[in-house]
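1. attaching a predicted model along with its sequence, questions to come.
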Protein chains: 2
Amino acid sequence: MKDARRLSRRSVRSERRLFLVDGPKAVEGALGSHAVLHEVFVTAEAQERYADLLAAIPTDVPVRLVEPRAMASLSDAVSPAGVVAVCGLLDVPLADVLDPAPRLLALCADIRDPGNAGTVVRCADAAGADAVAFLGSAVDPHNPKTVRASVGSLFHLPVATAADAAAAVTACRAAGLQVLAADGAGEVDLFAAEADGLLAAPTAWLLGNEAWGLPPELAALADHRVAIPIHGRAESLNLSTAAALCLYASARAHRS
Amino acid sequence: MKDARRLSRRSVRSERRLFLVDGPKAVEGALGSHAVLHEVFVTAEAQERYADLLAAIPTDVPVRLVEPRAMASLSDAVSPAGVVAVCGLLDVPLADVLDPAPRLLALCADIRDPGNAGTVVRCADAAGADAVAFLGSAVDPHNPKTVRASVGSLFHLPVATAADAAAAVTACRAAGLQVLAADGAGEVDLFAAEADGLLAAPTAWLLGNEAWGLPPELAALADHRVAIPIHGRAESLNLSTAAALCLYASARAHRS
């Protein structure tokens, strides 16, 4: 229990290769996926309420009854639902998601807000992307807020991590993907690119930090820098809405 | 000062028809808009740092120097930037944004998360929408988190409020707009609708609550219920990414 609580820290997660899966929806997502459950903590009340869910947990996974107070220390939710699983980390090396070559990838470089990151994963899942990669100094995809914001999608598609963002871009291009940087100052208009057939090729979308975007030297490594047209007076779009527009434009191009 | 602090409460904002505009970017947005500034609070440090901004404030608007501690009580930002303006509420009656009839509207029904609401306003601005309306039990568009998440867009386009969501939908249709409900279970596919020319007409997009969507009786009042295709295993998209996809699909249809 004390060991599980320490998994709220990224360094402990990385060292022990474990993270916390909080709430019945997320635990259900983990159960229906390749994720490896190590143990489950549940309150008496949740044990009754989520009996069906708990019945689906493999018999070799220990289910431990805990007091609501102890549960609150495991969960960062405002109202903990009373069920938290300890699960093996999901991330794979980038090379694993590049062989065989995917059709559509989302590359999150230096994304810092865990909620944004989870929303991008959810979006990538919805748009039919093959995988998401977290590059450079991006937030840990196993951050509790990221897991929650992904609403199960973290368990639906492969998630890769790579510390060297530039090397990751090079690896994507070597695998036959074009890399398109989402960049408000980009030289290509997203929807013109869609109309011109530029999006038909297998694509990795390179998305930058929510506040300061992509470092110019990283954006320069992409095949094109693509801007979403701004018709009103907004200076830019937020990260997850920009990701949705780019990924769905590719999905349309790939399916038309 | 004490009066200003009370504006963190919605009931006080509604009664006094005033709200707080927090941070130099937001104050700059207010200055370049139809918003009416009543007074400005600034710390000594911010007075120096944002001298240009403060110089642009009309001379009949009092600028009051406050201690950092008092500033912290006015701002709900983690690190207050040291400048907060008291400003007249921005919302107008729905009838005002329907005459003359707009081409593109976003109707936010019962949206509760202030951050989501602000992101929708930012998106609507970027997509070139003519206005945004907050319907039913939606969050107050003047909520500090909404103002912040809109990144200035709250000052860029008219924002209407209407307590009766059903009457608002009827009013939009009477003004010659088709009303399209964004609805994961909708009978029309968003991108098929775009290809078929359905989006060419002036449109009000009806967006529902982030957790439970649109009440069926409200969705039934729309001309069509439109679903964004989900290609992967996500159950749905989050509200602001769905709004971005719908509004930009209309923007493309209106500009092609």
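-> Now that the structure is in, tell me what you want to look at. Computed from a prediction, not measured in an experiment: that's the story for all the values here.
2. bridge partners for the closest residue in space to A:His224 that isn't next to it in sequence, pull those for me.
-> Spatial nearest neighbour of A:His224, excluding adjacent residues (Cβ to Cβ, 6 or more residues apart in numbering or on different chains): A:Val188 at 4.8 Å. C-betas here are computed from N, CA, C, even on glycine. Per DSSP bridges, the residues bridged to A:Val188 are A:Val226.
3. how much space separates the closest residue to A:His231 other than its chain neighbours from B:Arg255?
-> Once flanking residues are discounted, A:His231 sits nearest to B:Gly128: 2.8 Å by Cβ to Cβ, 6+ apart. Separation of B:Gly128 from B:Arg255 (Cβ to Cβ, to the nearest Å): 8 Å.
4. then A:Leu214?
-> As judged by Cβ to Cβ, A:Leu214 and B:Arg255 stand 27 Å apart.
5. and these two? which has more neighbours close in?
-> Each of A:Leu214 and B:Arg255 has its neighbours counted (other Cβ atoms under 10 Å in any protein chain shown); A:Leu214 has more, 24 against 11.
6. which parts of chain A belong to which domain?
-> Following automatic domain parsing, chain A resolves into domains at A:2-88, A:92-255.
7. if we can go back for a sec, now for B:Gly128 and B:Arg255: what residues contact both?
-> Each of A:His231 lies in contact with both B:Gly128 and B:Arg255 under the rule Cβ atoms under 8 Å, 6 or more residues apart in numbering or on different chains.
8. which SS class is whatever residue of the stretch 51-200 of chain A ends up closest to chain B?
-> For the stretch 51-200 of chain A, the residue closest to chain B is A:Gly128, as judged by Cβ to the nearest Cβ, at 2.8 Å. Classification of A:Gly128 using DSSP: H, G, I helix; E, B strand; the rest coil returns coil.
9. and for A:Asp52?
-> helix.
10. output the lowest mean pLDDT helix or strand found in chain A.
-> Every helix and strand in chain A was compared by mean pLDDT, DSSP states H and E; the lowest is helix A:2-5, with a mean of 89.
11. just checking, what packs against that helix?
-> Here helix A:2-5 touches helix A:68-74, going by 3 or more Cβ pairs under 8 Å, 6 or more residues apart in numbering or on different chains; DSSP states H and E.
12. buried sites along the helix it packs on?
-> Neighbour-count burial for helix A:68-74, counted by 16 or more other Cβ atoms under 10 Å in any protein chain shown, picks out A:Ala70, A:Met71, A:Leu74.
13. cool, stretch A:194-209 as well?
-> A:Glu194, A:Leu198, A:Leu199, A:Pro202, A:Thr203, A:Ala204, A:Trp205, A:Leu206, A:Leu207, A:Gly208, A:Asn209.
14. now do the contacts for the residue in the stretch 151-256 of chain A that chain B sits nearest to.
-> Closest residue of the stretch 151-256 of chain A to chain B, Cβ to the nearest Cβ: A:His231 (2.8 Å). By Cβ under 8 Å, 6+ apart, the residues touching A:His231 are B:Ala126, B:Ala127, B:Gly128, B:Ala251, B:Arg255.
15. please apply the same query to A:Ser33.
-> A:Ser33 neighbours (Cβ under 8 Å, 6+ apart): A:Phe155, A:His156.
16. any idea which element it lies in?
-> Counting by DSSP states H and E, no helix or strand carries A:Ser33.
17. pLDDT value on it, please?
-> A:Ser33 carries a pLDDT value of 92.
18. from A:Ala211, how far out is it?
-> The gap separating A:Ser33 from A:Ala211 is 32 Å, by Cβ to Cβ.
19. again, but for A:Arg173
-> Counting by Cβ to Cβ, the separation of A:Arg173 from A:Ala211 is 27 Å.
20. contact residues of chain A facing chain B?
-> Taking Cβ under 8 Å from any Cβ of the partner chain as the measure of proximity, chain A contacts chain B at A:119, A:122-129, A:149, A:151-153, A:156-157, A:191, A:228-238, A:240-241, A:243-245, A:248, A:251-252, A:255.
21. which residues of the stretch 1-150 of chain A fall in helices?
-> A:2-5, A:10-16, A:24-31, A:44-49, A:51-55, A:68-74, A:94-98, A:114-126, A:144-149 (DSSP state H, counting those that start in this stretch).
22. packing partners of the third one?
-> The one in question is helix A:24-31. Using 3+ Cβ pairs under 8 Å, 6+ apart: helix A:24-31 touches strand A:18-22, strand A:37-42, helix A:51-55, strand A:83-88.
23. in a markdown table, list these along with distance to A:Gly115.
-> A markdown table is the format used below for the helices and strands packed on helix A:24-31 (distance: least, Cβ to Cβ, whole Å):
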| stretch | distance to A:Gly115 |
| --- | --- |
| strand A:18-22 | 14 |
| strand A:37-42 | 24 |
| helix A:51-55 | 25 |
| strand A:83-88 | 19 |
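24. who wins for proximity to B:Cys108 among the ones you listed?
-> With Cβ to Cβ as the measure, strand A:18-22 is the member of the helices and strands packed on helix A:24-31 nearest B:Cys108 (28.6 Å).
25. ok, back up a step: filter the contacts of A:His231 down to the buried ones, ChimeraX style.
-> The command below creates a ChimeraX selection of those among the contacts of A:His231 that count as buried (16+ other Cβ under 10 Å):
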select /B:126,127,128,251
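26. and the contacts of A:His231, which is closest to B:Ala46?
-> Closest to B:Ala46, out of all of these and judged by Cβ to Cβ, is B:Ala126, at 28.6 Å.
27. give me phi/psi at the residue nearest to the closest one when sequence neighbours are not counted?
-> Once flanking residues are discounted, B:Ala126 sits nearest to A:Ala234: 4.0 Å by Cβ to Cβ, 6+ apart. With angles defined as degrees, to the nearest 10, A:Ala234 sits at phi -60, psi 140.
28. what's the neighbour count on A:Ala234?
-> Neighbours of A:Ala234 (other Cβ under 10 Å): 22.
29. go on, A:Val188?
-> Look at A:Val188: counted by other Cβ under 10 Å, it has 16 neighbours.
30. ok, it touching A:Asp223?
-> No: between A:Val188 and A:Asp223 there is no contact under Cβ atoms under 8 Å: 9.6 Å.
31. intersection of neighbour lists for those two?
-> In contact with both A:Val188 and A:Asp223: A:Leu180, using Cβ under 8 Å, 6+ apart.
32. run through the helices of the stretch 151-256 of chain A in chain order.
-> Taking DSSP H, counting those that start in this stretch, the helices of the stretch 151-256 of chain A run over residues A:165-174, A:190-195, A:216-219, A:239-255.
33. still on that earlier bit, contacts only, for the residue nearest to A:His231.
-> By Cβ under 8 Å, 6+ apart, the neighbours of B:Gly128 are A:His231, A:Gly232, B:Leu104, B:Ala251, B:His254.
34. surely A:Glu28 touches A:Leu53?
-> Yes: look at A:Glu28 against A:Leu53 with Cβ under 8 Å: they come within range, at 5.9 Å.
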